[in-house]
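# For reference, the sequence and a predicted model appear below.
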Amino acid sequence: MNKKQLLKSFQDLKKEIEILRKKHLVQGLVDKFHAEKRVLEKRIEKTVVDEVKKAKKFMTEQKKELNKIQKKVEAAISKRQGAKKKSAKKATKKVAKVVKSAKKATKKVSKK
């Protein structure tokens, strides 16, 4: 082998090594990106699960509060309706008494 052939083969080897090094470097970067991607996906998944749990807990607390308020409102409505019914019954009794007394008065007047 003469000097030119040796130099050419050396340059070819150098190019091959550079190509392999770049491939290795690129593959190393790709592997790092994939590893980072997996870590981020796990972190995101965990965060989403935690937030869903918090939201469910909040919803159950809000449902409990709404049920308490609804019971209070229903109790107040039933008391008010009960009071209206009692006053309506009293009013009908008064009207009935007035009607009876009016009938008696008309009977007395008609007898005289």
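Yep, that arrived.

# Find the helix or strand that the residue nearest the centre of the chain is a member of.
The C-alpha lying nearest the average C-alpha coordinate of the chain belongs to Ala55 (CA atoms, centre = their mean; 5.2 Å). Element membership for Ala55, per DSSP states H and E: helix 3-111.

# Measure how far that helix is from the centre of its chain, please.
Helix 3-111 has its average C-alpha position 1 Å from the chain's average C-alpha position, going by CA atoms, centre = their mean, to the nearest Å.

# re earlier: the residue nearest to the centre of the chain and Leu7: what is the separation?
To Leu7, Ala55 is 70 Å away according to CB to CB, to the nearest Å. For the C-beta atoms, the positions are set from N, CA and C on the backbone; glycine is no exception.

# Likewise for Leu66?
86 Å.

# again, but for Val39
Taken as CB to CB, the span from Val39 to Leu7 is 47 Å.

# number of nearby residues for Ile19?
Using other CB atoms under 10 Å, Ile19 has 10 neighbouring residues.

# same check, this time on Val30
Using other CB under 10 Å, Val30 has 10 neighbouring residues.

# and what of the one 10 residues further on?
Counted with other CB under 10 Å, the burial measure for Leu40 works out to 10 neighbours.

# same question, Leu13
Here the count is done by other CB under 10 Å, and Leu13 has 10 residues near it.

# For Lys72, see how far away it is.
88 Å.

# low pLDDT regions in this structure?
In the predicted model, the chain carries pLDDT under 70 at residues 1, 84-112.

# 90 - rerun?
Within the chain, the segments meeting pLDDT under 90 span 1-34, 76-112.

# List of residues touching stretch 54-71?
Where contact means CB atoms under 8 Å, 6 or more residues apart in numbering, no residue beyond stretch 54-71 reaches it.
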